[in-house]
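Novice: Based on what follows, work out the 3D shape:
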Amino acid sequence: MKVHLFGAVSSPSCANYALQRTADDNAQQFPAEVVDTVKRNFYVDDCLKSVASEEEAEHMVNRLTDICAKGGFKLSKWISNSRTVLMSIPEERRAKEIKDLDLDTDQLPVERALGLQWCIATDKFQFRTSLQDRPTTRRGILSVVSSLYDPLGILSPFSMPAKLLLQELCRQNLKWDEVIPHSLSQRWRDWLEDLQLISKFKVKRCIKPNCFGRPDRAQLHHFSDASQDGKSTHAVKTKTKYWILNANSAARKIISRCITCRRNRGKFVEQKMADLPEERVLPDIAPFTNVGVDYFGPISVKRGRSLLKRRYSSKRIMDDGESLKCKPGCKRLGAFCETTNKDQCFGKASDKTYFATGSLIVKKILNEN
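Specialist: Below is the predicted model of the structure:
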């Protein structure tokens, strides 16, 4: 089998394996940087690579074309922010947007790079938004916020208020198609007005100044203020590839040690109770016929200004149901047990908990204490 189906679930995986295998099989014939580019700079069928000079760019284009041809891949639709590099590429292998352009005088177009708007002439990223007419509901707001494509997180400071608004709507248990309150709708309208200004916002693709020269090494220092609404991180001294090692883990540890964050993000504790003994829930017996007294401990008891800790427990001798051995503390159950005036039964709720009713038991408890 020499071909694969186009559009199958396995097609991206097969294509990626073939590309990686091409780089491995020809690693001895090409420079290490070219082989590494094939392995690390391809996203499905798109390759994005940045080099320091135009000479290196021309060399990279030629070597990448040669190594991919070894595996049957034909690279095309080349584009660059350098007119000199574009002129060195044959016209049939250039992107269709620049094939008919005069590279000496014509303005270079705006191209898409993995979904981002890349202005080739200025070498900057920019954002294009189309204000959609959506109802002022949870569903409409989510649709507009999700349409803002920002894979690098450049617009996070702008999109955060809209996401916080969605969180507030969830807390109020508003339905998906329910119109939001007036106080929140004003916040949403203000955010939509700012959204129209996003098209004027641009970010340089290369953070290094043009006249800076070749750096020996690069570090990324990121500082962020703490916030109760959004997670912030503080990462310093990263590798030259700008990969922050264990950044999320470090942020979670900092948040977990913050007392204020733990109070705001804490979950409510649900009281867990054991099932009642069978004798208490029989359907043919009137309510409160069998009344249970559970012994538990330890509990804190205050004597004057001192806090004492006592353990209260009981143990029943399994004979005729009238004798009971108790440890100190059972007198405190007298007020509760005095309400019973009828001899009933003993019952065992579990290995460590007992229940009993009846005037005979109350007298036995009071006599022994």
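Novice: quick one: the strands in the chain?
Specialist: 42-43, 46-47, 110-113, 116-119, 124-126, 202-204, 299-303, 306-310, 314-316, 324-326, 346-348, 354-356 (DSSP state E).
Novice: My read is that Leu75 contacts Arg63, right?
Specialist: No. Applying Cβ atoms under 8 Å, one finds Leu75 not in contact with Arg63, separated by 10.8 Å. (Each C-beta comes from the backbone N, C-alpha and C, glycine too.)
Novice: Between these two, which is the more surrounded one?
Specialist: Arg63 (18 against 15; other Cβ atoms under 10 Å).
Novice: Now the more buried one. Nearest residue, chain neighbours left out?
Specialist: Val34 (4.5 Å; Cβ to Cβ, 6 or more residues apart in numbering).
Novice: Tell me which residues touch that neighbour, please.
Specialist: With contact set as Cβ atoms under 8 Å, 6 or more residues apart in numbering, Val34 has these partners: 60, 63-64, 67.
Novice: Would you mark the buried spots in stretch 111-130?
Specialist: Buried residues in stretch 111-130, counted by 16 or more other Cβ atoms under 10 Å: 111, 116-120, 124-127.
Novice: And for it, what's in contact with it?
Specialist: So stretch 111-130 is contacted by 43, 46, 48, 79-81, 95, 97, 107-110, 147-152, 154-155, 195-196, 198-199, 201-206 (Cβ under 8 Å, 6+ apart).
Novice: and which of the buried residues of stretch 111-130 is nearest to Gln167?
Specialist: Closest approach between the buried residues of stretch 111-130 and Gln167, by Cβ to Cβ: Phe127, at 23.5 Å.
Novice: Look up the pLDDT of the closest one for me, please.
Specialist: Note on Phe127: pLDDT of 88.
Novice: Same check on the one 10 residues further on?
Specialist: You'll see Thr137 listed with a pLDDT of 93.
Novice: cool, the one 5 residues further on as well?
Specialist: The predicted structure scores Leu142 at 92 on the pLDDT scale.
Novice: what about the residue nearest to Arg63, distance to Thr122?
Specialist: 29 Å (Cβ to Cβ, to the nearest Å).
Novice: same question, Arg128
Specialist: From Arg128 over to Thr122 (counting by Cβ to Cβ), the distance is 15 Å.
Novice: hmm, back to that, which members of the contacts of stretch 111-130 are classed as buried?
Specialist: Buried among those by 16+ other Cβ under 10 Å: 79-81, 95, 108, 155, 195, 198, 205.
Novice: Grab the two from those that are most spread out in space.
Specialist: Ser80 and Leu195 (31.6 Å).
Novice: all helices of this structure, in order?
Specialist: Secondary structure of the chain (DSSP state H): helices at 11-25, 32-40, 54-70, 83-88, 138-146, 156-171, 182-195, 247-257, 259-265, 334-337, 359-368.
Novice: Which stretch among those helices approaches Glu279 most closely?
Specialist: Here helix 359-368 is closest among the helices of the chain (Cβ to Cβ), at 14.7 Å.
Novice: Just the mean pLDDT for that closest one, thanks.
Specialist: 42.
Novice: swap in stretch 8-15?
Specialist: Here the average pLDDT along stretch 8-15 is 86.
Novice: now stretch 305-314
Specialist: 63.
Novice: what stretches of the stretch 151-300 of the chain score poorly on pLDDT?
Specialist: 222-245, 247, 280, 287-300 (pLDDT under 70).
Novice: Show me this protein divided up by domain.
Specialist: Domain assignment of the chain by automatic domain parsing yields the ranges 11-75, 138-264, 291-368.
Novice: By neighbours, which of the contacts of Val34 wins?
Specialist: Counting by other Cβ under 10 Å, top hit in these: Ile67 with 23 neighbours.
Novice: Against Gln29, how distant is it?
Specialist: From Ile67 over to Gln29 (counting by Cβ to Cβ), the distance is 8 Å.
Novice: same thing with Gln167?
Specialist: Relative to Gln29, and taking Cβ to Cβ, Gln167 is found at 55 Å.
Novice: just Glu54 next, same as before
Specialist: Applying Cβ to Cβ to Glu54 and Gln29 gives a distance of 25 Å.
Novice: again, but for Ser82
Specialist: 27 Å.
Novice: which ones are touching Lys175?
Specialist: Taking Cβ under 8 Å, 6+ apart as the test, what Lys175 contacts is Arg138.
Novice: Quick check, Thr65 in contact with Ser76.
Specialist: No. In this structure, Thr65 is not within contact of Ser76 by Cβ under 8 Å, at 9.1 Å.
Novice: Neighbour count: the two, which is higher?
Specialist: Neighbours were counted for Thr65 and for Ser76 using other Cβ under 10 Å; Thr65 has more, 17 against 13.
Novice: list the contacts for the more buried one?
Specialist: Contacts of Thr65 by Cβ under 8 Å, 6+ apart are 75, 93.
Novice: Redo the contacts of Val34 as TSV? Include pLDDT and distance to Glu178.
Specialist: Converted to TSV, those look like this (pLDDT from 0 to 100; distance: Cβ to Cβ, whole Å):
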residue	pLDDT	distance to Glu178
Met60	95	55
Arg63	95	59
Leu64	95	54
Ile67	96	57
